[in-house]
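Asks: what's the 3D shape of this:
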Amino acid sequence: MRFRTITSNIPDDADSILDIGCTRHIASIRDYNEDRGFLHEYLYRNTSAERIVGLDVDEEGAEIFNDQGYDVRVGDAQDFDLDERFDVIVAGAVIREILDLDGFFDSVSRHLNPGGHLVVTNPNPIAATFFVRALLNKQQPGHTIRLGPANLEAVLERSGIETAIENIDYIPPIGGISALLWRLGRRDLGGPQYVARVRFD
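Replies: Numbers count the residues shown, from 1 in each chain. As a prediction, this is how the structure comes out:
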């Protein structure tokens, strides 16, 4: 569902995509099949982009991807320079692990064509599932920041870069109280993750 929501937020006329943090699905590329998949391959199969480039700090993962025929560059999402621009930059589950958001958004801005889009996914910090996890003292290690849609807008405004959040889609929950809230129309409280499409002018 998350992959479909990501691609539904990519404009149909996007010719080029940069996929940041693409090697996190390294287990899938070693054992790929149609049912499992992984986001980078999903972008190839479900967008009309002529050029898809990956970026990841994981040198070994990038090498494995490149050996499989992908174009993956090694770089830090917080400060990268590929000397090229894209119509869309996808950052699936990346922002939650970033310390320097200003550096990230500045790098994204330098690599997008005018009017290009950043498509991000992130945990929804006000979702019921995270409230329950907090009560049970079950936090997710490795997550440095929880940035909800309102916080994302505030951080973008603070960056000084001309942007506009065009769309927010919440990812449906699997079950429990989150599913009940979803059925009651409170997607903001039921959806454990969201996808945001941000236009950079």
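Asks: List the buried residues for stretch 159-176?
Replies: 159, 161, 163, 165, 168, 169, 170, 171, 172, 173 (16 or more other CB atoms under 10 Å). Any C-beta I mention is one placed from the backbone N, CA and C, and that applies to glycine too.
Asks: Now do the buried residues in stretch 91-110.
Replies: Using 16+ other CB under 10 Å as the burial criterion, the residues of stretch 91-110 that qualify are 91-96, 98, 101, 103-109.
Asks: Can you classify residue 189 by secondary structure?
Replies: Recorded secondary structure, residue 189: helix (DSSP: H, G, I helix; E, B strand; the rest coil).
Asks: I meant to write residue 178 there.
Replies: Per three-state DSSP, the local secondary structure of residue 178 is helix.
Asks: residues near it, how many?
Replies: By other CB atoms under 10 Å, the residues close to residue 178 number 24.
Asks: Output the longest strand belonging to this protein.
Replies: The strand that spans the most residues within the chain, counting by DSSP state E, is strand 112-123.
Asks: For that strand, which strands pair with it and how are they oriented?
Replies: Here strand 112-123 has these sheet partners by DSSP bridges: strand 86-92 (parallel), strand 193-200 (antiparallel).
Asks: Looking at the ones you listed, which one is packed in the most?
Replies: Highest mean neighbour count among these (mean count of other CB atoms under 10 Å): strand 86-92, with a mean of 24.
Asks: Among the buried residues of stretch 91-110, which are located in helices?
Replies: Counting by DSSP state H, the part of the buried residues of stretch 91-110 found in helices is 101, 103, 104, 105, 106, 107, 108, 109.
Asks: and which of those residues is nearest residue 192?
Replies: The nearest member of these to residue 192, counting by CB to CB, is residue 101 at 21.3 Å.
Asks: quick one: the closest one from residue 197, how far?
Replies: Note on residue 101: its distance to residue 197, by CB to CB, to the nearest Å, is 18 Å.
Asks: Check residue 81 too.
Replies: 24 Å.
Asks: show me where this protein has strands.
Replies: 16-20, 51-56, 72-74, 86-92, 112-123, 163-171, 193-200.
Asks: Switch these over to a markdown table; also include distance to residue 187 and mean pLDDT.
Replies: Conversion of the strands of the chain to a markdown table gives the following (distance: least, CB to CB, whole Å; pLDDT from 0 to 100):
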| stretch | distance to residue 187 | mean pLDDT |
| --- | --- | --- |
| strand 16-20 | 26 | 97 |
| strand 51-56 | 30 | 96 |
| strand 72-74 | 34 | 96 |
| strand 86-92 | 20 | 96 |
| strand 112-123 | 15 | 95 |
| strand 163-171 | 4 | 94 |
| strand 193-200 | 9 | 95 |
